[in-house]
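>>> have a look; sequence and predicted model below, questions after that.
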Amino acid sequence: MSENYASLNFDQMTGCDLVQFRIHYHLTQSQMASFLMISRRTYGRMEMSGDSLMTVLNADQRYVLKTYVGSQGLSLWLDYLGMSFKMRTPETLIKLFFDNRLDLFVKRDSGRYGYNVAYSFGGLSYITIYGKRDGPESFIDFSGSGIRLMEMLLIGQGLVWSHFINIALANGGKATRMDFAFNDMSRMFEIPELYQKLMTDEYTQKFKSDPQYYADGKNGGSTIYFGSRSSEVFFRFYEKDKEQAKKHFVEPEAIPVKNRYEVELKQKRAQTMAEHVANGQDVAGELLAYLRDYLQFYNQPVVGLDKKEIAKLDLWQPWVVFLEQASIVDFQAEPKEVSMDRSLSWFINQVAPTLKGLIEYYGQEKIDEILDDTELSQRQKKLLSVAEKVNLPF
């Protein structure tokens, strides 16, 4: 981010500075007009004005620009993928997607979702292919970490998700669930603040069930669920930094993503989205349409108002900023190597103090003797083997 815009001075900036601001952030006049909720013609006149932006822009418009500068925009990732295959075995999927490298997987005679065989990549649950002993059916399951790992493998081959999903669809694959995550780097709004909007009925939604709010839950931070977990559309908004800080034993300030807004699609909607990803269609635009169609927040209660009256209300400005940024974000990969960082954090915070006490009591020689006699599990051996074979550093 340019130092020129790190702290916007609306008293000194003029239309000429607005032009430079737009160019710096690679925005068009139409996008700027949309951000500021004015016509493109009106915005064009702003850029030609020699007056200070304090007199040209109203308070809401200045808020939009300040939020954009502070947030550095949003990022949009795929965060979960589940696909079923009726006439393909797990071994066939490993041949299709992992170059027939059965040696990279750990097989176990148990499963989920009605399957009784499972192949897990490196013995981890991040990427798991389930199957049935008595038939050619399978299911491939990517968790969030599995998505990041698969992106690294795809990029290593010069491929992206559209290639993977095209191959999957061509082999009879059906997407049963796809999750997408908007990552908010600046916390455009507080999740508890959003909850207050719900409590005062300053919102509308298409979901049939009431939103569910969890304050400082067991995973850390606050979370709001919109919709039913069993429905084809479900939203999950939560404080990602606090959740990750608790999981990795660090301070929230160390986590770059502050809030996360997840859109979960299932069954027909997941399959339609998979087809659109395969065809290179606008993923962000489709997700934005879901957000706008299913949820809106206002500056006043909507109780007792009809649809026409609600349509005339002003939307809550932080929500407007989020939707506008979501309208221009690019769907991108965020590849990540498998590492032992999480285990190391756990060791430092949970094990190291106890270990130090044991060393002081029993002596270093005794502890070294115990470690020398310790055997790695089959899962740990497999993970080390996979890491070496696919060049995943620890």
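Received the coordinates, thanks.
>>> can you map out the strands along the protein?
With DSSP state E as the criterion, the chain has strands at 74-85, 105-108, 117-121, 127-132, 135-142, 173-184, 203-205, 212-214, 223-226, 233-239, 259-266, 295-297.
>>> give me the angle between the first one and strand 259-266.
Between the axis of strand 74-85 and that of strand 259-266 there is an angle of 30 degrees, by axes from the mean of the first three to the mean of the last three Cα atoms, to 10 degrees.
>>> now strand 74-85, how far from the centre of its chain.
Averaging C-alpha positions (Cα atoms, centre = their mean, to the nearest Å) puts strand 74-85 9 Å from its chain's average.
>>> what about that strand, average pLDDT?
Taken as a whole, strand 74-85 has a mean pLDDT of 93.
>>> which stretches of the stretch 1-150 of the chain form helices?
Per DSSP state H, counting those that start in this stretch, the stretch 1-150 of the chain carries helices over the ranges 3-6, 15-24, 29-36, 40-48, 53-56, 59-71, 90-97, 144-156.
>>> how close does the closest residue to residue 146 other than its chain neighbours sit to residue 250?
In space, and not counting its chain neighbours, residue 146 is closest to residue 126: 3.6 Å by Cβ to Cβ, 6 or more residues apart in numbering. (Each C-beta comes from the backbone N, C-alpha and C, glycine too.) From residue 126 across to residue 250, the span is 21 Å (Cβ to Cβ, to the nearest Å).
>>> more neighbours: those two, which one.
Ranked by neighbour count (other Cβ atoms under 10 Å), residue 126 and residue 250 place residue 126 first, with 19 against 14.
>>> show me the contacts for residue 266.
Counting by Cβ atoms under 8 Å, 6 or more residues apart in numbering, residue 266 touches 176-177, 231-234.
>>> quick check, nearest of those residues to residue 209?
residue 231 (8.1 Å; Cβ to Cβ).
>>> contact partners for residue 39?
Applying Cβ under 8 Å, 6+ apart, the residues contacting residue 39 are residue 33.
>>> and the pLDDT for it?
84.
>>> and residue 389, by the same measure?
What the model reports for residue 389 is a pLDDT of 59.
>>> before we move on, back to that, of all the strands of the chain, which one is nearest residue 305?
strand 203-205 (9.4 Å).
>>> okay, now the sheet partners of the closest one, with direction.
Counting by DSSP bridges, the strands paired with strand 203-205 are strand 295-297 (antiparallel).
>>> what sits up against the strand it pairs with?
The contact list for strand 295-297 (Cβ under 8 Å, 6+ apart) reads 194, 197, 202-207, 226, 235, 315-316, 319.
>>> how many other residues sit next to the closest residue to residue 214 other than its chain neighbours?
Computed as Cβ to Cβ, 6+ apart, the closest residue to residue 214 that is not its neighbour in sequence is residue 223, at 4.6 Å. Residue 223 is flanked by 21 other residues according to other Cβ under 10 Å.
>>> need the contact list for residue 223.
Counting by Cβ under 8 Å, 6+ apart, residue 223 has contacts 191, 213-214, 217, 236-239.
>>> reformat these as JSON lines; add neighbour count, distance to residue 88 and pLDDT.
As requested, those are exported to JSON lines (neighbours: other Cβ atoms under 10 Å; distance: Cβ to Cβ, whole Å; pLDDT from 0 to 100):
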{"residue": "191", "neighbour count": "22", "distance to residue 88": "41", "pLDDT": "95"}
{"residue": "213", "neighbour count": "18", "distance to residue 88": "41", "pLDDT": "95"}
{"residue": "214", "neighbour count": "15", "distance to residue 88": "39", "pLDDT": "92"}
{"residue": "217", "neighbour count": "15", "distance to residue 88": "38", "pLDDT": "61"}
{"residue": "236", "neighbour count": "19", "distance to residue 88": "31", "pLDDT": "97"}
{"residue": "237", "neighbour count": "23", "distance to residue 88": "36", "pLDDT": "97"}
{"residue": "238", "neighbour count": "21", "distance to residue 88": "35", "pLDDT": "95"}
{"residue": "239", "neighbour count": "26", "distance to residue 88": "40", "pLDDT": "95"}
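>>> could you measure from the residue lying closest to residue 179 once chain neighbours are set aside over to residue 127?
Once flanking residues are discounted, residue 179 sits nearest to residue 80: 3.7 Å by Cβ to Cβ, 6+ apart. Residue 80 sits at a distance of 12 Å from residue 127 (criterion: Cβ to Cβ).
>>> compare neighbour counts for these two and give me the winner.
Counted by other Cβ under 10 Å, residue 80 and residue 127 do not tie: residue 127 has more neighbours, with 24 against 19.
>>> ok, what's across the strand from the more buried one?
Residue 127 has these beta-bridge partners by DSSP bridges: residue 142.
>>> residue 106: which of the contacts of residue 223 is nearest?
residue 236 (30.1 Å).
>>> contacts only, for that closest one.
Going by Cβ under 8 Å, 6+ apart, the list of residues near residue 236 reads 223-226, 260-262, 264.
>>> going along the chain, name the helices of the stretch 251-394 of the chain.
Using DSSP H, counting those that start in this stretch, helices in the stretch 251-394 of the chain cover 267-278, 283-294, 307-311, 317-326, 341-346, 352-362, 364-373, 378-389.
>>> mean pLDDT for these: which is lowest?
Note on the helices of the stretch 251-394 of the chain: helix 341-346 shows the lowest mean pLDDT, a mean of 52.
>>> about what we covered before: ok, of the contacts of strand 295-297, which come out buried?
Among the contacts of strand 295-297, the ones that count as buried by 16 or more other Cβ atoms under 10 Å are 194, 197, 202-205, 207, 226, 235, 316, 319.
>>> can you lay out these as a markdown table showing distance to residue 153?
Formatted as a markdown table, these follow (distance: Cβ to Cβ, whole Å):
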| residue | distance to residue 153 |
| --- | --- |
| 194 | 37 |
| 197 | 41 |
| 202 | 45 |
| 203 | 41 |
| 204 | 42 |
| 205 | 38 |
| 207 | 36 |
| 226 | 33 |
| 235 | 29 |
| 316 | 41 |
| 319 | 37 |
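>>> can you put the helices of the stretch 251-394 of the chain in CSV and add distance to residue 24?
Shown next, in CSV, are the helices of the stretch 251-394 of the chain (distance: least, Cβ to Cβ, whole Å):
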stretch, distance to residue 24
helix 267-278, 30
helix 283-294, 21
helix 307-311, 35
helix 317-326, 16
helix 341-346, 34
helix 352-362, 46
helix 364-373, 55
helix 378-389, 41
